[in-house]
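Enquirer: how would this look folded up:
(one chain, ligands or ions: 1)
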Amino acid sequence: MCHFPQRVVVLKLDHRPERDKRLTSHVGLTARAFGTNGFWVGGLQDPKIEETIKGVSENWGHQAFEVQTGISWKKKIRLWKTRGGEVIHLTMYGKHLDKMISRILKSDREKLVIVGGPKVPSEIFTLADYNVAIGHQPHSEVAALALFLDRLSRGKALYFQPTDAKLKIIPQEQGKNVDEQDS
Ligand SMILES: C[S@@+](CC[C@H](N)C(=O)[O-])C[C@H]1O[C@@H](n2cnc3c(N)ncnc32)[C@H](O)[C@@H]1O
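Expert: Reported below is the predicted structural model:
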C-alpha cells in the first residue's frame, strides 16, 4: 500500500508527554499521511499518542502503520543498521536536500528518517548515513519531514490514499464532502 520502494520508518528522538503532545502527534500524523510504514518515538512512553494515531488510521486507513512510543533510539538505530538499513537525520546543520536526494533515491536500503528536538545528541550525527538539511534555517520537525517525504516519494506522498479507509474525502472547491465506506 505504501508508495516508497523500500520500508520507511520515522523516528522522533525525544518526547515529553505534557509539553510535546501536539508536536509529537503531528510528526506521527505526517509520517502516516504521507505513506511511511511506521513511527517510533524515544523518551517517555505515551499511550495517548499511540491511541491518537491509531484512531486516525482506523478511520482514514493505513491500519498497518506501526506506532511505538518510549523506545530506546540507540537500540532501534543499532538494530536497523545491523539489518542493512540506512539512517537519514534531518538537521539544519547537514548538507542541503538538493545535494543529497539523488544519492538517497539511488540506494535501495530501508530508510530510518530521524527528526530531533531542541537538543540532538552528537552521536546521532555520526550514526546517521546522511545528515540532510531542509534549507539551513531552523524551522520544525513537521515541516522538515513533510518536505523530505515529498522528495523521497518523488511527489507521490501527496497522493497517498490508503485502500482500507472508512472515510474518504471527495474533494470540493467549497464545503466538505466525505464518503463513508461500509465495512
Ligand atoms: C526545533 S528544531 C531544532 C533545530 C536544530 N537545532 C537542528 O539541528 O536542526 C527540531 C528538529 O526539527 C528538524 N529541523 C528543524 N529545522 C530543520 C532544517 N532546516 N533542516 C532539517 N531539519 C530541521 C530537525 O530534525 C531538528 O532536530
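Enquirer: where does this structure have low pLDDT?
Expert: 1-2, 183 (pLDDT under 70).
Enquirer: which bits of it sit near the ligand?
Expert: 90-93, 115-118, 120, 133-135, 137-141, 144 (C-beta under 6 Å from any ligand atom). No exception for glycine: its C-beta is placed from N, CA and C like everyone else's.
Enquirer: can I get the buried part of the residues you listed as one ChimeraX selection?
Expert: Remark: buried members of the residues of the chain next to the ligand, expressed as a ChimeraX selection using 16 or more other C-beta atoms under 10 Å:
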select :90,91,115,116,117,120,133,134,141,144
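Enquirer: from the residues of the chain next to the ligand, which land in helices?
Expert: With helices taken from DSSP state H, the overlap with these comprises 141, 144.
Enquirer: in the protein, what residue lies closest to the ligand?
Expert: Closest contact between the chain and the ligand, by C-beta to the nearest ligand atom, is at residue 116 (2.5 Å).
Enquirer: give me the neighbour count for the closest residue to that residue other than its chain neighbours.
Expert: By the measure of C-beta to C-beta, 6 or more residues apart in numbering, the closest residue to residue 116 outside its immediate chain neighbours is residue 13, 5.1 Å from it. When neighbours are defined as other C-beta atoms under 10 Å, residue 13 has 20 of them.
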